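Trainee: My questions are about this predicted structure, shown below with the sequence.
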Amino acid sequence: MTVTPTDLPTDHTPALAAVPGGYVRVPRSRVSFGVVRADAILESIRTSGIPDEPDDAQRPELRVRRPRATIVCGTEAAYKRHRRNGEDACEPCLEAHRLTYKPKPRELTPCGTNSAYNRHHKNGEQPCEPCRKARRDYLRERRAMLRHLSDYRAAQGAA
């Protein structure tokens, strides 16, 4: 069986071209397969050494996947399976997850930093004086940086 240019796809989508003995991937292209392009593809198919009729020994065997072993509930792996399948985890799996992942206690930043100021504000407390000073310094540096940035952009736009 010979392959002619009419056997190849003519649209813009990537495709598999049917050739004797199997398929050859046709590269993606925004250009339709013209006569020159089809001739180049046909030449590469002819020189690839694909036999006209493969014998049964050359045909690939279908690989059958073995079914996965079911993971027993009450383990971290089963919890992850529930999450992966979009299910609500059962109580034994939730308990296994709680035992596996314990949140680490976080160290609080000391007073006198912008983070501590934010913590005071979040807790509804009045910020202490060192935190208020740290917040003033942070905002002063931020405004100076933004001023410098806007001056730089204005100079770039004028150039």
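Mentor: Good, I have the coordinates.

Trainee: Low-confidence bits of this protein, can you list those?
Mentor: 1-42, 44-45, 48-65, 158-159 (pLDDT under 70).

Trainee: Recalculate using a threshold of 80.
Mentor: 1-71, 103, 157-159 (pLDDT under 80).

Trainee: packing partners for the longest helix anywhere in it?
Mentor: Counting residues, the longest helix found in the chain (DSSP state H) is helix 129-158. Helix 129-158 sits against helix 114-122, with contacts defined as 3 or more Cβ pairs under 8 Å, 6 or more residues apart in numbering; DSSP states H and E. C-beta here means a position set from N, CA and C on the backbone, and glycine is covered the same way.

Trainee: Flag every buried residue along the helix it packs on.
Mentor: Residues of helix 114-122 classed as buried by neighbour count (16 or more other Cβ atoms under 10 Å): 114, 116-117, 119-120.

Trainee: How are the helices of the chain distributed by residue range?
Mentor: Under DSSP H, the chain gives helices at 35-47, 76-84, 91-100, 114-122, 129-158.

Trainee: just to revisit the earlier point, how about the longest helix of the chain: buried residues?
Mentor: Buried, per 16+ other Cβ under 10 Å, within helix 129-158: 131, 134-135.
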